[in-house]
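A.B. asks: structural data only, the sequence is not supplied:
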Ligand code: NAD
């Protein structure tokens, strides 16, 4: 059967790209499986999408927020009904195992229920005025048209973190999903459309970053940009947005560490590292990429980790017994290979994995052995740079203070974790680790949607997704003064002195 052709969604119509070009979306576990043919869009498509969004915005902003919330609530119910179908499609297009893609859809459902409730909150402030017979308040206003650019690793959850708060706040949107995983964004938007979202309020333009993403960032009709992806691309996006005075939220890379102290429950820490490092095949911004182990536990912990990692089952994520799926594409495998070589040259000890899998059952996909380096020095590249693959570096350390120092001494600051039974040290870690997220006795992954999500240093530019942080980003404050004194009252001047 020929692969289905997916079109852009502009002003409520499914339309072909003006470029006349398309590209194939392939299954990373089996590249013979074509998920669909998608539009390879450029600036001309973005221009149309932004015009449609601008038009729709003028009506959407006037829809009462509780009504907007109700549409999102219905979308949550539709997503629940389609959860299994969408999860299976996501495993096919992105590769991660089914229980994780079910989690990805669930994250969109959770976000939808949360943001539906925001339809009846979006709290502002009423405050006393300094003058008599005067009323003062601050209300939240939408921004206008929001441009969104997303990565492939959470193909429905991340678009939902952006679209749903933006919509409930009254914005219209143009989204460009990652080129490797556009279908999951289509599915999310389909649920919104079926729930009654008016035409043009969300527009999808598919294609590659410089061709279809950059024009969104540059467009004068786009008021705000929300980007999730690499720090390298985020820097470009942030610079262009700043030149055009756009609000811009950047969520970028990570080099997350789990600290394991001598007093930790090692069984628990081991389960945490396996899940944190090899869940989503290590391709999470919050993936555990470093494990900093205190010297008393170091040898035993490393040996047990290597044993467990070498037994992980790698394969097609649609097989429920598989624990680790493929990487997303050929380049990502090449990056992992490059870092494994670098680690070897730097003198780290390769104790598990280290190679792309090439047995016949793996020959059509992008599979890589789950890999463990031990005896890693914290200054090595493999301990400093984001790899985004199934590789974990175990770093020995002397004591708690040193562990915190190593954890902090990287360019990124997204997620972090510590395993200890010492409550004092746990609280010092909560205070002293420089990251947006810290887990105690749990791995670096597993964010919940109603808490702020984001990081410090090269991970972010100060905004947060999730919960109230998202409402803050997708609204701007307006202060309103109502003077009912019937005379001119001058602030700071008519002080009554
Ligand atoms: P990427 O930066 O290569 O691409 C992200 C998106 O940006 C894609 O849609 C891409 O097409 C687009 N893009 C590329 N060049 C562009 C340009 N010049 N202008 C505009 N858009 C452009 O990242 P990726 O490989 O898709 O995702 C992996 C990265 O995302 C990792 O670094 C990971 O840590 C990060 N990430 C961060 C978070 C977070 O919330 N902090 C979450 C998930 C992933």
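C.D. replies: Great, that's in hand. A quick note: this is a predicted structure, and the numbers were derived from the prediction, not measured.
A.B. asks: got the residues of the chain near the ligand?
C.D. replies: Proximity of the chain to the ligand, by C-beta under 6 Å from any ligand atom, involves residues 149-154, 176, 178-179, 208-210, 213-214, 217, 228-230, 233, 236-237, 251-254, 285, 386, 388, 414, 459. All C-beta spots, glycine's among them, are computed from the backbone N, C-alpha and C.
A.B. asks: just the ones of the residues you listed in helices?
C.D. replies: 214, 217, 233, 236-237 (DSSP state H).
A.B. asks: what sits against residue 46?
C.D. replies: Each residue near residue 46 by C-beta atoms under 8 Å, 6 or more residues apart in numbering is listed here: 174, 205, 212, 215-216, 219.
A.B. asks: so how far is residue 377 from it?
C.D. replies: Between residue 46 and residue 377 the distance is 46 Å, computed by C-beta to C-beta, to the nearest Å.
A.B. asks: quick revisit: rebuild the contacts of residue 46 as JSON lines, extending it with pLDDT.
C.D. replies: Converted to JSON lines, the contacts of residue 46 look like this (pLDDT from 0 to 100):
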{"residue": "174", "pLDDT": "99"}
{"residue": "205", "pLDDT": "98"}
{"residue": "212", "pLDDT": "98"}
{"residue": "215", "pLDDT": "98"}
{"residue": "216", "pLDDT": "98"}
{"residue": "219", "pLDDT": "98"}
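A.B. asks: any chance of those in TSV, plus neighbour count?
C.D. replies: Shown next, in TSV, are the contacts of residue 46 (neighbours: other C-beta atoms under 10 Å):
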residue	neighbour count
174	29
205	30
212	26
215	24
216	26
219	22
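A.B. asks: which residues touch residue 73?
C.D. replies: Each residue near residue 73 by C-beta under 8 Å, 6+ apart is listed here: 112-113, 116, 195.
A.B. asks: tell me which two in these are the farthest apart.
C.D. replies: Across those, the longest distance by C-beta to C-beta is 12.7 Å; it joins 113 and 195.
A.B. asks: can you select the buried ones among the residues of the chain next to the ligand for me in PyMOL?
C.D. replies: PyMOL command restricting those to the buried ones, with burial defined by 16 or more other C-beta atoms under 10 Å:
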select buried, resi 149+150+151+152+153+154+176+178+179+209+213+214+217+228+229+230+233+236+237+251+252+253+254+285+386+388+414+459
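A.B. asks: among the residues of the chain next to the ligand, which ones are in strands?
C.D. replies: Among those, the members falling in strands (DSSP state E) are 149, 176, 228, 251.
A.B. asks: closest one of those to the ligand?
C.D. replies: Nearest to the ligand among those: residue 251, at 3.3 Å, using C-beta to the nearest ligand atom.
A.B. asks: now do the closest one, the pLDDT please.
C.D. replies: As predicted, residue 251 sits at a pLDDT of 98.
A.B. asks: do the one 4 residues further on as well
C.D. replies: With respect to pLDDT, residue 255 scores 98.
A.B. asks: how about residue 265?
C.D. replies: According to the prediction, residue 265 has pLDDT 98.
A.B. asks: look up how far residue 277 lies from it.
C.D. replies: 18 Å.
A.B. asks: hang on, the earlier thing: can I get the contacts of residue 46 in a markdown table with distance to residue 453?
C.D. replies: A markdown table is the format used below for those (distance: C-beta to C-beta, whole Å):
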| residue | distance to residue 453 |
| --- | --- |
| 174 | 22 |
| 205 | 25 |
| 212 | 25 |
| 215 | 27 |
| 216 | 22 |
| 219 | 26 |
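A.B. asks: could you give the mean pLDDT of stretch 51-65?
C.D. replies: Regarding stretch 51-65, the rounded mean pLDDT is 98.
A.B. asks: hmm, who's touching it?
C.D. replies: 10-12, 68, 118-120, 122, 142, 144-145, 167-174, 198-201, 203, 221.
A.B. asks: what's near enough to touch residue 75?
C.D. replies: So residue 75 contacts 112, 191-192, 194-195, 197 (C-beta under 8 Å, 6+ apart).
A.B. asks: try it again with 6 Å
C.D. replies: 112, 191-192, 195 (C-beta atoms under 6 Å, 6 or more residues apart in numbering).
A.B. asks: look up phi and psi at residue 173.
C.D. replies: phi -130, psi 150 (degrees, to the nearest 10).
A.B. asks: quick check: it touching residue 145?
C.D. replies: No - in this structure, residue 173 is not within contact of residue 145 by C-beta atoms under 6 Å, at 7.2 Å.
A.B. asks: name the residue in the two with the higher neighbour count.
C.D. replies: Each of residue 173 and residue 145 has its neighbours counted (other C-beta atoms under 10 Å); residue 173 has more, 29 against 26.
A.B. asks: check what pLDDT residue 495 gets.
C.D. replies: Confidence at residue 495, expressed as pLDDT, is 89.
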